[in-house]
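> What follows is a predicted structure for the sequence shown.
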Number of protein chains: 2
Amino acid sequence: MLVPPDLETPLLLLDEARMQRNIVRMQARMNELGVRFRPHVKTSKCPQVVARQLAAGAQGITVSTLKEAERFFADGITDILYAVAIAPAKFDHAMRLARQGLQLTLLVESVAAAEALARHGHTHGHCHAVLIEVDTDGHRSGIRPDDPLLASVAQALRAEQGKGARVAGVMTHAGSSYALCDPDALATMAEQERAGCVSAAERLRAAGHACEIVSVGSTPTALSARSLHGVTEVRAGVYVFFDLVMAGVGVCSRDEIAISVLCSVIGHRPAAGRVITDAGWMAMSRDRGTQNQKHDFGYGAVCDVDGQPIDMLAFSDANQEHGVLQWSGGAGVDLEQRFPIGSRLRIVPNHACATAAQFERYTVLSADDRIVEWPRFGGW
Amino acid sequence: MLVPPDLETPLLLLDEARMQRNIVRMQARMNELGVRFRPHVKTSKCPQVVARQLAAGAQGITVSTLKEAERFFADGITDILYAVAIAPAKFDHAMRLARQGLQLTLLVESVAAAEALARHGHTHGHCHAVLIEVDTDGHRSGIRPDDPLLASVAQALRAEQGKGARVAGVMTHAGSSYALCDPDALATMAEQERAGCVSAAERLRAAGHACEIVSVGSTPTALSARSLHGVTEVRAGVYVFFDLVMAGVGVCSRDEIAISVLCSVIGHRPAAGRVITDAGWMAMSRDRGTQNQKHDFGYGAVCDVDGQPIDMLAFSDANQEHGVLQWSGGAGVDLEQRFPIGSRLRIVPNHACATAAQFERYTVLSADDRIVEWPRFGGW
C-alpha cells in the first residue's frame, strides 16, 4: 500500500502483512518440530504484535525486563519467562508480580544468586520458579553443561528445603549464531544449543531435580534446527520483524523485513554526492550491526518510499537528527532533482530491536490497507 | 551523596550539583563574551533541567524536533529555534505552533526549501521566521559563506514579497570540533565558526536583508572561543551533562560529567575475566563515541557506586540487557568476591545525548541531598 504524503517524519513503519508471514513461518516451524514456542517480546514491546504471536499459537512469552513482564501481565498474559539473570534488587518486584497471579519464571547462573533468591523466597513465604542458565556456545553467560557448578546452583536453589525457590528447568541462548552466515554452520550451532541444554537437564534430573523446562533459542538457531529432541520450548524475538543483520545471517530475505524508518530529504551537498535526511541516529539508533557482515549497510539500507532498494545511496553517517546518505552512482546524476527536498525515503534497519526502541509507536500499514498506530513502550 | 541500595537497575543517575556547575560555567563564559546563550535542549529533553538553564541566564532554547518545541512551549518557553533544516511535511506543524504564540524560528539551507516555505507562509497568510544554515567547517550541511547560493536562498525566502517568510539571520554549527582535542585547534575552529557565520551575515546585509541573528555554536567551540565579535547568540547542548567524548575533546574533566547509568552485577565468567551487569546497550545506547579518541571506553567508563573509576574494568561488549565488563587486573583477583552478585556499578557514558535518550526519567541526586525523579521525553 502507499504511504500517505502528509505524515511527519521520521516515523517507524510496520508492514503488518510481512510481520504476519514471519509469525506464521516461525510458528509453523515450531509446530513441525513439536515444541512450544515462547516469543521474546523485547523486540516489539507492543501489545498488538504480541497478541498476533499468541493468536498464531505461541504459548507464553519471554521478556528482557520486569517492566515488560508487568505490562504484558496487565494485558492478560499469565505465563512469562524473565530471561536475564535476576539481580537481587529485583526480587521483591518479581515476587509482587507472582503474588498477583503471574506465572513468572526467573533465571540464575550463579550459586550466589541462587542462594540469595532461595533465601528471599523463604523469608517471604514465596517459592520462586527458576531456570538455570546454561552456556552452550561460550557466548556471554551461563554454566557449561558439564560444569559441576550446575548441580551446585540447583542445590543452592533448594537450600531452604525447596521452600524459597524451585529448579523449574534450564535455559540457553546460542547468541553466537548471530555471527554465522552459513546454513550448515547454523544447523550445527542449533544442534549444539539443543544437545548442550538437554544434557544439562539430564544431569540435573540424575541429581534429583525435576527440571521440567528445557528452553533454547535465538532466531537463527530456531530457523535452522533440524531436531529439537528433548527441548520443551523455543524462544526467538527478532524474527517477528527481521532486519538486515538477520538477512546477512541468511535466515530471511530483505523482502521479509517488516519495519523501516520513513524519513524526508532535507538537504543536499551535490559536490560531495550527499543527500541529507531527517532520520539520524536518534531514529535509527547507533546500532551498526552489519559492520562485520559481508555487506556493511552503515546505518541502514536506503529504499524509496515504496520500499524498493536504492543501492547506490548508502547511509554512511548520522548525527542526532540528520542522516547522511552517500551517492555512489557517479556525478552524472542531479541529486537535487532525483531526491528533491521533501521527498521521502524508507530506511531498513540493521537491528530491529535497537531501531524500534527509538520510537513510541509503530505506524502500521495494516493488512486491510489502512494506516493505524500501535503503541510501544520502553524503559525499565 | 550515597545511592540508596534498593533502587531497581538500570537507571540514569543525574548529579544535580555537577550539572549546576556546568550550567553556571557555560553561562559565565557567555556573559563574559557578551552574547546571548540559547541552550540546545536535545540533550536533556527535561523541563527541570531547562528551567535551571534559563534561571542561570539563558535566553530562549534550541530544539532538534518540533516535539521538543511543542513540549517546551507548553511549559511556557516562548522563544525557540528549531535548528534542523525543516522538511515540508512539518510546515503546518510549525505554523500551528507559531499561531499559538510561539516565537519559532526555522532553518533552511536550500532554494527549494526556501521557496516552498515562502509559498506555504504566503498561502496561509503567515510569515515564517527563518535562519539560513551556513557551513563553516565542511561538516555536514549548510551553505559556504562565499557561495552565491546564500543570496539566492535569502531571495527565495522573500519570493512572495516577504509575506510568506523573512530572513531572520544565519546559523552555523561547527560539528567537526568534536573530532579535535587540542585547545589551540579548538580556539581556531571557534574563530573559523565565528568568522564564517559573521561574514555570511554581512554578505546578506549587503544584499539588503536585515539578518539580525548570527547564531553559532557547539559545546567545544563555545568553551574555546576567544572572541564572539559579530555573533548575537551561541548554542550548545551537551555541556549541561558533559560526557566521555567531551572529556576526550578536552573541554571538561571526567569529574564534571553529571550523568551515569547505575547497574547491578548479575554474573561472572571468572576464567574469561568477565563481570556481567544488567546495563546493556539498551541502557547505554550503541554509541561508541570514544572509539576514535585517544582512549576508547567501549560502552562507557566503569566506576564504583560512588563514582570512583575502576580503570581495570572495561565495558568491552554489550547485548540488549547485558553489559560485559572485562577485567585487566590479572588473574590474582577473585572477581566474584570483588564485584559480588547484586553489587552496583556506575557507568559514565560516551555520549550523554544518546544514553539519556534510552531513559524515561532522571534519578536525581539532588543538590540538597535527596533522591528525586525528573521526567524526560523522547520520540517525534
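Looks like it came in fine.
> gap between the longest helix anywhere in chain A and the chain center?
If you go by DSSP state H, chain A has its longest helix at helix A:183-206. Its chain's average C-alpha position is 21 Å from that of helix A:183-206, according to Cα atoms, centre = their mean, to the nearest Å.
> Got the domain ranges for chain A?
Domain assignment for chain A, taken from automatic domain parsing, gives A:19-239, A:254-375.
> Would you mind putting those into a markdown table with mean pLDDT and mean neighbour count alongside?
Bear in mind the C-beta positions are built from the backbone N, C-alpha and C, glycine included. Supplementary listing: these in a markdown table, determined by pLDDT from 0 to 100; neighbours: other Cβ atoms under 10 Å in any protein chain shown:
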| stretch | mean pLDDT | mean neighbour count |
| --- | --- | --- |
| domain A:19-239 | 97 | 21 |
| domain A:254-375 | 97 | 20 |
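> Now distance to chain B too, for those domains, in a markdown table please.
Formatted as a markdown table, the domains of chain A follow (distance: least, Cβ to the nearest Cβ, whole Å):
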| stretch | distance to chain B |
| --- | --- |
| domain A:19-239 | 4 |
| domain A:254-375 | 4 |
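> Quick one: closest of those to B:Pro10.
Proximity to B:Pro10, assessed across those by Cβ to Cβ, is greatest for domain A:19-239 (9.3 Å).
> Report the distance from the closest one to the chain centre.
Centre to centre, stretch against its chain (Cα atoms, centre = their mean), the figure for domain A:19-239 is 14 Å.
> Turn the domains of chain A into JSON lines, including distance to B:Gln100.
As requested, the domains of chain A are exported to JSON lines (distance: least, Cβ to Cβ, whole Å):
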{"stretch": "domain A:19-239", "distance to B:Gln100": "32"}
{"stretch": "domain A:254-375", "distance to B:Gln100": "23"}
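> Who are the packing partners of the longest helix of chain A?
Packing partners of helix A:183-206 (3 or more Cβ pairs under 8 Å, 6 or more residues apart in numbering or on different chains; DSSP states H and E): strand A:128-134, helix A:149-157, strand A:165-172, strand A:213-216, helix A:219-222.
> how about JSON lines for the ones you listed, with distance to B:Gln20 added?
Converted to JSON lines, the helices and strands packed on helix A:183-206 look like this (distance: least, Cβ to Cβ, whole Å):
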{"stretch": "strand A:128-134", "distance to B:Gln20": "43"}
{"stretch": "helix A:149-157", "distance to B:Gln20": "46"}
{"stretch": "strand A:165-172", "distance to B:Gln20": "46"}
{"stretch": "strand A:213-216", "distance to B:Gln20": "49"}
{"stretch": "helix A:219-222", "distance to B:Gln20": "46"}
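> looking at these, which is closest to B:Val198?
Among the helices and strands packed on helix A:183-206, the nearest to B:Val198 by Cβ to Cβ is helix A:219-222 (54.6 Å).
> and that closest one, what does it pack onto?
Where contact means 3+ Cβ pairs under 8 Å, 6+ apart, helix A:219-222 is packed against helix A:16-33, helix A:183-206, helix A:244-249.
> Next SSE downstream of that helix?
Where DSSP states H and E defines the elements, the next helix or strand beyond helix A:219-222 is strand A:233-234.
> So which residues make contact with that next one?
Contact with strand A:233-234 is made by A:30, A:33, A:35-38, A:59-60, A:213-217, A:222, A:225, A:228, as judged by Cβ atoms under 8 Å, 6 or more residues apart in numbering or on different chains.
> Then stretch A:89-97?
Stretch A:89-97 has contacts (Cβ under 8 Å, 6+ apart) with A:66, A:69-70, A:73, A:82, A:86, A:104, A:106, A:116-117, A:120-121, A:124, A:126, A:128, B:5-9, B:264, B:342.
> try 7 Å this time
Defining contact as Cβ atoms under 7 Å, 6 or more residues apart in numbering or on different chains, one finds that stretch A:89-97 is touched by A:66, A:69-70, A:73, A:82, A:86, A:104, A:106, A:117, A:120, A:124, A:126, B:6-9, B:264, B:342.
> hmm, back to that, which two among the contacts of strand A:233-234 are spaced furthest apart?
Taking Cβ to Cβ, the two most distant members of the contacts of strand A:233-234 are A:Gly60 and A:Ala225; they sit 19.4 Å apart.
> Quick one: work out the angle between the longest helix of chain A and helix A:149-157.
Here helix A:183-206 points in a direction 50 degrees away from that of helix A:149-157 (axes from the mean of the first three to the mean of the last three Cα atoms, to 10 degrees).
> phi, psi of the residue nearest to A:Val167 when sequence neighbours are not counted?
Distances taken as Cβ to Cβ, 6 or more residues apart in numbering or on different chains place A:His209 nearest to A:Val167, at 4.4 Å, with adjacent residues excluded. With angles defined as degrees, to the nearest 10, A:His209 sits at phi -100, psi 140.
> shouldn't A:His209 be in contact with A:Val153?
No - counting by Cβ atoms under 7 Å, A:His209 does not reach A:Val153; the two are 10.2 Å apart.
> For chain A, which segments are assigned as helices?
Along chain A, the stretches classed as helices by DSSP H are A:16-33, A:47-55, A:66-74, A:91-99, A:111-124, A:149-157, A:183-206, A:219-222, A:244-249, A:281-284, A:335-338, A:352-356.
> Of those, which is nearest B:Gly248?
Relative to B:Gly248, the nearest member of the helices of chain A by Cβ to Cβ is helix A:281-284, separated by 18.4 Å.
> Alpha carbons of that closest one, in PDB - could you do that?
In PDB, the C-alpha atoms belonging to helix A:281-284 read as follows (Å, rounded to 0.1, in the frame of the first residue of the first chain):
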ATOM      1  CA  TRP A 281      20.900   8.100  14.800                       C
ATOM      2  CA  MET A 282      18.100   9.100  17.100                       C
ATOM      3  CA  ALA A 283      15.700   7.400  14.700                       C
ATOM      4  CA  MET A 284      17.900   4.600  13.500                       C
END
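> And the contacts of that helix?
Contact partners of helix A:281-284, identified using Cβ under 7 Å, 6+ apart, comprise A:10, A:261, A:263, A:299-300, A:318-321, A:347, A:349, A:355, A:358, B:357.
> out of those residues, which are inside strands?
A:Val261, A:Cys263, A:Ala318, A:Ile347 (DSSP state E).
> just curious, which of the residues you listed is nearest to B:Val364?
Using Cβ to Cβ, the ones in strands among the contacts of helix A:281-284 come closest to B:Val364 at A:Ala318, 29.8 Å.
> Check whether the closest one really touches A:Tyr299, as I assumed.
Yes - assessed by Cβ under 7 Å, A:Ala318 is found in contact with A:Tyr299 at 4.8 Å.
> For stretch A:299-315, measure first residue to last.
Terminal residues of stretch A:299-315 lie 5 Å apart, using Cα to Cα, to the nearest Å.
> on that earlier part again, of all the helices and strands packed on helix A:183-206, which lies closest to B:Gln326?
With Cβ to Cβ as the criterion, B:Gln326 lies closest to strand A:128-134 of the helices and strands packed on helix A:183-206, at 19.7 Å.
> Can you check what angle separates that closest one from helix A:111-124?
Angle, strand A:128-134 to helix A:111-124, by the same axes, to 10 degrees: 170 degrees.
> who touches strand A:128-134?
Defining contact as Cβ under 7 Å, 6+ apart, one finds that strand A:128-134 is touched by A:85, A:105-109, A:117, A:121, A:141-143, A:145, A:150, A:153-154, A:157, A:164-172, A:196-197, A:200, A:213, A:215.
> Over to stretch A:202-212?
Identification of contacts with stretch A:202-212 by Cβ under 7 Å, 6+ apart yields A:Pro145, A:Leu150, A:Ala151, A:Ala154, A:Val167, A:Ala168, A:Gly169, A:Val170, A:Ala201.
> now swap in stretch A:368-377 and tell me
By Cβ under 7 Å, 6+ apart, stretch A:368-377 touches A:1, A:4, A:44-46, A:48, A:71, A:356, A:359-366.
> Nice, that's everything, thank you.
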